[in-house]
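S.K.: Fold the following.
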Amino acid sequence: MKARAHLYISGRVQGVFYRAFTRNAAVSLGLNGWVRNIPDRRVEAVIEGEKDSIEAFIKKCYIGPPGSRVTDIDVTWENHLEDFSDFRIIY
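M.R.: Reported below is the predicted structural model:
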(Lines give C-alpha, C1' and ligand atoms only; values in the text may rest on other atoms or scores of the structure.)
Protein backbone atom coordinates (compact mmCIF):
# COMPACT_ATOMS: atom_id res chain seq x y z
CA MET A 1 0.00 0.00 0.00
CA LYS A 2 1.34 3.42 -0.95
CA ALA A 3 1.64 5.99 1.82
CA ARG A 4 3.22 9.29 2.79
CA ALA A 5 4.73 10.27 6.14
CA HIS A 6 5.79 13.66 7.49
CA LEU A 7 8.53 13.31 10.09
CA TYR A 8 10.05 15.66 12.67
CA ILE A 9 13.19 14.09 14.12
CA SER A 10 14.50 15.39 17.45
CA GLY A 11 17.79 14.92 19.26
CA ARG A 12 21.40 15.39 18.13
CA VAL A 13 20.55 15.32 14.42
CA GLN A 14 22.26 18.39 12.96
CA GLY A 15 25.97 18.52 12.20
CA VAL A 16 26.30 14.71 12.21
CA PHE A 17 25.53 13.92 8.51
CA TYR A 18 21.97 12.96 9.43
CA ARG A 19 20.43 14.28 6.19
CA ALA A 20 22.89 12.27 4.07
CA PHE A 21 22.09 9.22 6.19
CA THR A 22 18.35 9.66 5.59
CA ARG A 23 18.88 10.14 1.84
CA ASN A 24 20.90 6.91 1.63
CA ALA A 25 18.29 5.04 3.70
CA ALA A 26 15.42 6.34 1.54
CA VAL A 27 17.16 5.50 -1.73
CA SER A 28 18.03 1.99 -0.50
CA LEU A 29 14.34 1.41 0.32
CA GLY A 30 13.00 2.88 -2.94
CA LEU A 31 11.39 5.90 -1.26
CA ASN A 32 10.97 9.43 -2.60
CA GLY A 33 10.70 12.78 -0.84
CA TRP A 34 12.97 15.26 0.90
CA VAL A 35 14.81 16.04 4.12
CA ARG A 36 16.01 19.33 5.63
CA ASN A 37 17.33 20.90 8.82
CA ILE A 38 14.92 23.28 10.50
CA PRO A 39 15.86 26.22 12.76
CA ASP A 40 14.73 24.55 16.02
CA ARG A 41 17.57 21.98 15.58
CA ARG A 42 15.26 19.18 14.39
CA VAL A 43 15.29 17.48 11.00
CA GLU A 44 12.11 17.45 8.91
CA ALA A 45 11.37 14.88 6.22
CA VAL A 46 8.51 13.97 3.90
CA ILE A 47 8.63 10.41 2.56
CA GLU A 48 6.48 8.63 -0.03
CA GLY A 49 6.41 4.99 -1.10
CA GLU A 50 5.28 1.61 0.14
CA LYS A 51 4.05 1.82 3.75
CA ASP A 52 6.22 -1.10 4.91
CA SER A 53 9.28 0.59 3.38
CA ILE A 54 8.43 3.84 5.16
CA GLU A 55 8.13 1.95 8.45
CA ALA A 56 11.57 0.39 7.83
CA PHE A 57 12.90 3.90 7.03
CA ILE A 58 11.56 5.24 10.34
CA LYS A 59 13.32 2.41 12.22
CA LYS A 60 16.60 3.34 10.47
CA CYS A 61 16.03 6.99 11.39
CA TYR A 62 15.91 6.06 15.09
CA ILE A 63 19.40 4.53 14.69
CA GLY A 64 20.90 7.36 12.62
CA PRO A 65 24.54 7.83 11.66
CA PRO A 66 27.46 7.68 14.13
CA GLY A 67 27.44 10.77 16.32
CA SER A 68 23.67 11.25 16.18
CA ARG A 69 21.28 10.60 19.05
CA VAL A 70 17.60 10.52 18.17
CA THR A 71 15.30 11.21 21.10
CA ASP A 72 11.95 11.31 19.26
CA ILE A 73 10.37 11.04 15.82
CA ASP A 74 6.97 12.67 15.40
CA VAL A 75 5.24 10.89 12.48
CA THR A 76 2.11 12.11 10.73
CA TRP A 77 0.66 9.74 8.13
CA GLU A 78 -0.79 11.48 5.08
CA ASN A 79 -2.36 10.54 1.75
CA HIS A 80 0.11 9.40 -0.91
CA LEU A 81 0.28 12.15 -3.55
CA GLU A 82 3.16 11.03 -5.82
CA ASP A 83 4.69 14.50 -5.56
CA PHE A 84 8.29 13.28 -5.82
CA SER A 85 10.39 11.47 -8.40
CA ASP A 86 13.50 11.09 -6.19
CA PHE A 87 14.80 11.84 -2.70
CA ARG A 88 16.48 15.21 -2.08
CA ILE A 89 18.31 17.05 0.62
CA ILE A 90 16.96 20.59 0.87
CA TYR A 91 19.58 23.15 1.94
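
S.K.: Which of the three states applies to Lys60?
M.R.: helix (DSSP: H, G, I helix; E, B strand; the rest coil).

S.K.: Neighbouring strands - and their directions - for whatever helix or strand Val75 lives in?
M.R.: Applying DSSP states H and E as the criterion places Val75 in strand 69-78. Strand 69-78 pairs in its sheet with strand 2-12 (antiparallel), by DSSP bridges.

S.K.: quick revisit: may I see the buried residues of the strand holding Val75?
M.R.: Val70, Ile73, Val75 (16 or more other CB atoms under 10 Å). For the C-beta atoms, the positions are set from N, CA and C on the backbone; glycine is no exception.

S.K.: Which secondary structure elements does the following helix or strand past that strand sit against?
M.R.: Next helix or strand after strand 69-78 toward the C-terminus (DSSP H and E): strand 87-90. Packing partners of strand 87-90 (3 or more CB pairs under 8 Å, 6 or more residues apart in numbering; DSSP states H and E): helix 18-28, strand 32-37.

S.K.: Setting the sequence-adjacent residues aside, check what's closest to Glu78.
M.R.: Computed as CB to CB, 6 or more residues apart in numbering, the closest residue to Glu78 that is not its neighbour in sequence is Arg4, at 4.4 Å.

S.K.: Nearest to Tyr8 among the buried residues of strand 69-78?
M.R.: Using CB to CB, Ile73 is the member of those that sits closest to Tyr8, with 7.2 Å.
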